[in-house]
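> generate coordinates for the sequence data below:
(one chain, ligands or ions: 1)
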Amino acid sequence: MPPANLNLPTRVDVVVVGAGAVGAAAAWYLAERKGLSVAILESRAVAAGSTSRSAAAFRQQFSSRAHVQMSLFSRRVYETFPQTFGGPPVFLQHGYLFLYEDAAAMEAARRRVEWQNAEGVADARALTPDEVDRLPGLGGAFAVRSIVGATWCPTDGFLRPTEIAAGFVDGAKRRGATLHVGAKVTGVESSGGQVRAVLVEGGHRVETKAVVLAAGWWSNFVSAASGCPIPVVAVKRYLYLTPQLESRRVSHFPLVVWNLGAYARPEGNGLMMGWDERPDRPEGSDRFPPPRQDVDRLEEAQDAVAPGYGKGIDEYGVEVLAQLAQAMPWLEDEGGVQFVAGGYYEVTPDDRAILSEDPRCKGLFHASGFSGHGIMHAPAAGKAVADLVVGATPPFPMEGFALAPLLENRERADREKMVI
Ligand SMILES: Cc1cc2nc3c(=O)[nH]c(=O)nc-3n(C[C@H](O)[C@H](O)[C@H](O)COP(=O)(O)OP(=O)(O)OC[C@H]3O[C@@H](n4cnc5c(N)ncnc54)[C@H](O)[C@@H]3O)c2cc1C
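Here you go, the predicted structure:
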């Protein structure tokens with residue numbers, strides 16, 4: 001049951017659906033516009049979705065121009081987050097280290113770094129194994145004799161996603177936006193191909209001409225209920241946590257990726273680890289219309305650990321640990337999997353977000369489908385969608401985020417190859 005008094009406005013210029021990192025950032029940039037009224041409708045709580053279940057890694061080491069530019073934009077926002085929003089730092093720039101065993105993959109990585117440098121990521125560079133061993137505070141940490149090289153960017157790192165969503169929401173409120181927690185949007189009403197209102201559980205209706213749909217993995221359920229399905233599906237992902245280590249200090253470690261697969265980063269003085277060797281994408285999720293998923297079952301299973309994905313012997317957590325022990329052999333003796341956490345990636349057919357007005361419905365703006373990049377790119381996505389709503393030009397190329405090609409099962413421009 002929705003709370004009795006949601007204090008919903010009867011009319012507002014823009015409704016933002018969802019107060020995860022992306023919706024919160026969109027609200028912040030929208031509320032910057034003088035005279036524009038903005039209401040954030042959130043069914044559960046701020047950061048209640050994938051935002052609070054994320055590894056929250058941040059990198060500029062991408063292969064597509066738009067993703068590099070989104071990272072550069074977001075980096076500036078995150079570096080100055082405490083000054084803008086108050087509170088402690090949300091960005092731990094410990095760096096991001098891709099380790100490679102394969103010479104051909106390393107050669108491709110070296111070329112990618114040169115391209116990234118030319119795109120403005122000034123501090124990304126390729127390293128020899130000896131250079132990896134000489135990274136400050138990391139001597140002896142990695143099995144450098146097993147690798148042919150690495151790429152390294154010291155200004156990458158990881159983020160504090162709950163604080164980010166809360167910071168953006170509070171900032172948007174200070175700029176005059178309103179937040180309505182407990183307001184579950186059941187559909188977007190339109191007529192003549194134009195948004196007219198959002199419908200809220202409990203029989204409420206908020207008149208508006210613009211909706212930013214930033215409901216994470218729930219986005220397709222809201223969109224489909226509005227007659228405009230989008231190819232965004234929920235795909236389960238797990239994170240594995242080692243105990244806090246007593247034998248060695250890892251709290252200063254960068255995010256480490258082994259052969260573009262398993263990854264680890266510090267959480268306190270333990271490691272948070274992830275891998276996607278068994279992606280469980282529903283059949284047909286590479287096409288439009290997307291496969292039907294059961295929202296209630298997904299909701300129930302959001303934090304559940306499916307058989308085989310746990311931390312015991314013969315389970316996936318042990319495989320992840322074994323993968324990472326190839327990069328950090330001491331993990332075999334000093335590590336272990338103490339805890340498993342789950343959540344959903346909100347995935348599109350090409351692992352790239354939809355940041356686009358819906359060609360079927362004027363005023364319906366999508367900001368979803370971040371496919372594992374939604375925390376790092378939230379500021380850029382929020383800015384871009386806010387610009388689209390007010391008819392301004394976003395600060396980076398948007399063709400690769402358009403919805404229209406996906407609806408026609410066509411490939412989008414500027415494809416990303418660095419998806420983890
Ligand atoms: C295990 C894991 C690891 C990840 N690692 C990374 C990483 O390293 N780096 C990175 O950048 N990203 C990562 N991600 C992805 C990232 O977490 C998501 O892309 C990001 O959180 C999406 O944010 P969002 O605001 O779009 O969606 P969400 O955080 O899911 O927020 C959506 C909000 O909408 C609300 N909502 C839903 N339906 C309705 C409705 N009908 N009415 C009103 N409100 C509604 C929900 O309650 C929720 O608060 C990871 C995700 C997982 C699960």
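> walk me through the domains of this protein.
1-94+156-232+348-420, 95-155+236-343 (automatic domain parsing).
> dump those domains to TSV, plus mean neighbour count and mean pLDDT.
Any C-beta I mention is one placed from the backbone N, CA and C, and that applies to glycine too. Formatted as TSV, those follow (neighbours: other CB atoms under 10 Å; pLDDT from 0 to 100):
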stretch	mean neighbour count	mean pLDDT
domain 1-94+156-232+348-420	21	96
domain 95-155+236-343	17	96
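> which one of those lies nearest to the ligand?
Closest approach to the ligand among the domains of the chain is made by domain 1-94+156-232+348-420 (2.1 Å; CB to the nearest ligand atom).
> for the stretch 151-300 of the chain, what lies in contact range of the ligand?
184-185, 214-218, 222, 237, 239 (CB under 6 Å from any ligand atom).
> farthest-apart pair in those, please.
Across these, the longest distance by CB to CB is 28.6 Å; it joins V185 and L239.
> for the residue lying closest to G86 once chain neighbours are set aside, helix, strand, or coil?
Spatially, and ignoring its direct neighbours in sequence, G86 is nearest to G167 (7.7 Å; CB to CB, 6 or more residues apart in numbering). Classification of G167 using DSSP: H, G, I helix; E, B strand; the rest coil returns helix.
> show me what contacts G167?
24, 81, 84-87, 90 (CB atoms under 8 Å, 6 or more residues apart in numbering).
> look up how far V90 lies from it.
Counting by CB to CB, to the nearest Å, the gap from G167 to V90 is 7 Å.
> what touches both of these two?
Residues touching both G167 and V90 (CB under 8 Å, 6+ apart) are F81.
> give the contact list for the closest residue to S146 other than its chain neighbours.
Excluding the flanking residues, the one nearest S146 by CB to CB, 6+ apart is E101, at 6.1 Å. Applying CB under 8 Å, 6+ apart to E101 gives the contacts 146-148, 259, 326.
> cool, G372 as well?
Counted by CB under 8 Å, 6+ apart, G372 has contacts 237, 345, 347, 351, 419-420.
> for those residues, give me CSV that also has secondary structure.
Below are the contacts of G372 laid out as CSV (three-state DSSP):
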residue, secondary structure
R237, strand
Y345, strand
V347, strand
D351, coil
V419, coil
I420, coil
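> which one of those is nearest to F142?
Nearest member of those to F142, counting by CB to CB, is I420, at 18.1 Å.
> quick one: contacts of the helix or strand containing L388?
Assigned by DSSP states H and E, L388 belongs to helix 378-390. Contacts to helix 378-390, defined as CB under 8 Å, 6+ apart, come from residues 14, 21-22, 24-30, 32-33, 36, 69-71, 73-74, 77-78, 164, 168, 210, 212, 214, 353, 355-357, 365, 367, 370, 374, 392-396, 398, 401.
> restricted to strands, list those residues.
14, 210, 212, 355-357, 365, 367 (DSSP state E).
> okay if I get those residues as TSV plus distance to D286?
Listed next are the ones in strands among the contacts of helix 378-390 as TSV, based on distance: CB to CB, whole Å:
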residue	distance to D286
V14	32
A210	30
V212	26
L355	20
S356	19
E357	23
F365	24
A367	21
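> can you give me the helices in the chain?
21-31, 65-79, 81-85, 103-119, 129-133, 161-174, 219-225, 295-301, 316-327, 331-334, 378-390, 404-407 (DSSP state H).
> can you redo these as a markdown table with distance to R248?
Converted to a markdown table, the helices of the chain look like this (distance: least, CB to CB, whole Å):
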| stretch | distance to R248 |
| --- | --- |
| helix 21-31 | 32 |
| helix 65-79 | 28 |
| helix 81-85 | 30 |
| helix 103-119 | 27 |
| helix 129-133 | 16 |
| helix 161-174 | 27 |
| helix 219-225 | 42 |
| helix 295-301 | 36 |
| helix 316-327 | 14 |
| helix 331-334 | 6 |
| helix 378-390 | 33 |
| helix 404-407 | 46 |
